[in-house]
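Participant: Sharing a model that was predicted from the sequence below.
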Amino acid sequence: MLSRITLCLAVLALVVCGGANIAMAQDVIHTHLNDTVIKVKATDDPVQKRAILGENVDGLIKAIDTVQGSPGVSKEDAAGLDELKVALQEKSDELGGRNGFDPVPDNQLNAFSDYVVQDIEQAAETITISVVTLLLILIIIILIA
């Protein structure tokens with residue numbers, strides 16, 4: 001609940017401060033991912049670790065799908081979102097052992113959660129999407145969290 005409140009306040013701050021704060025929007029997404037890592041590392045049960053990771057990665061994919069379906073998303077944003085979605089889907093497939101990936105071993109789930117965050121953060125730095133699109137993603141993350 002505290003992370004949901006934090007996300008709501010961050011979105012409100014973005015709306016109030018305007019479009020110049022794209023870095024702040026990216027920070028909110030990074031914070032969401034880092035909260036996931038903390039939850040994963042806080043549990044000892046590999047089944048729960050896998051479920052936490054899977055739910056959060058799949059939740060981000062669903063948020064991207066929803067935003068891509070919005071009429072105000074530019075072609076450039078849609079292309080950037082496609083790249084981010086592909087990266088997230090690969091992590092989901094690797095976690096679950098689908099589409100040619102071996103499942104992540106139980107004893108490597110903590111390290112995998114760190115890897116997912118680092119990889120998505122690097123992808124987000126190279127993908128250009130507008131503040132409006134980032135705000136839509138954040139709002140959807142809040143709603144599904």
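Facilitator: Yep, that arrived.
Participant: Which pLDDT value belongs to Glu94?
Facilitator: At Glu94 the predicted local distance difference test score is 95.
Participant: Thought Val104 was touching it, still the case?
Facilitator: Yes. With the criterion set as Cβ atoms under 8 Å, Glu94 and Val104 qualify as a contacting pair; they are 6.2 Å apart. No exception for glycine: its C-beta is placed from N, CA and C like everyone else's.
Participant: Could you check which of those two has the larger neighbour count?
Facilitator: When neighbours are counted by other Cβ atoms under 10 Å, Glu94 and Val104 differ, and Val104 comes out ahead with 22 against 19.
Participant: circling back to that earlier point, need the residues touching each of Glu94 and Val104.
Facilitator: For the pair Glu94 and Val104, residues contacting each of them under the criterion Cβ atoms under 8 Å, 6 or more residues apart in numbering are Phe112.
Participant: What segments of the protein are helices?
Facilitator: Counting by DSSP state H, the chain has helices at residues 2-17, 22-42, 46-68, 75-96, 109-126, 131-144.
Participant: the bottom helix or strand of the chain by mean pLDDT?
Facilitator: Per-element confidence for the chain was summarised using mean pLDDT, DSSP states H and E. The lowest value among helices and strands belongs to helix 2-17, with a mean of 53.
Participant: what stretches of the chain score poorly on pLDDT?
Facilitator: Low-confidence segments of the chain, defined by pLDDT under 70: 1-28, 124-145.
Participant: 50 instead?
Facilitator: By pLDDT under 50, the low-scoring segments of the chain are 14-21.
Participant: thought Thr110 was touching Lys41?
Facilitator: Wrong residue type there; residue 110 is Asn, not Thr. Yes. Applying Cβ under 8 Å as the test, Asn110 and Lys41 come out as touching, 5.3 Å apart.
Participant: Look up how far Ala79 lies from Val73.
Facilitator: Remark: distance between Val73 and Ala79 (Cβ to Cβ, to the nearest Å) = 10 Å.
Participant: Mind checking which of those two has more residues around it?
Facilitator: Summary of the neighbour comparison: Val73 and Ala79, criterion other Cβ under 10 Å, with Val73 having more neighbours (18 against 12).
Participant: What distance do you get for the more buried one to His32?
Facilitator: Spatial separation of Val73 from His32 under the definition Cβ to Cβ is 20 Å.
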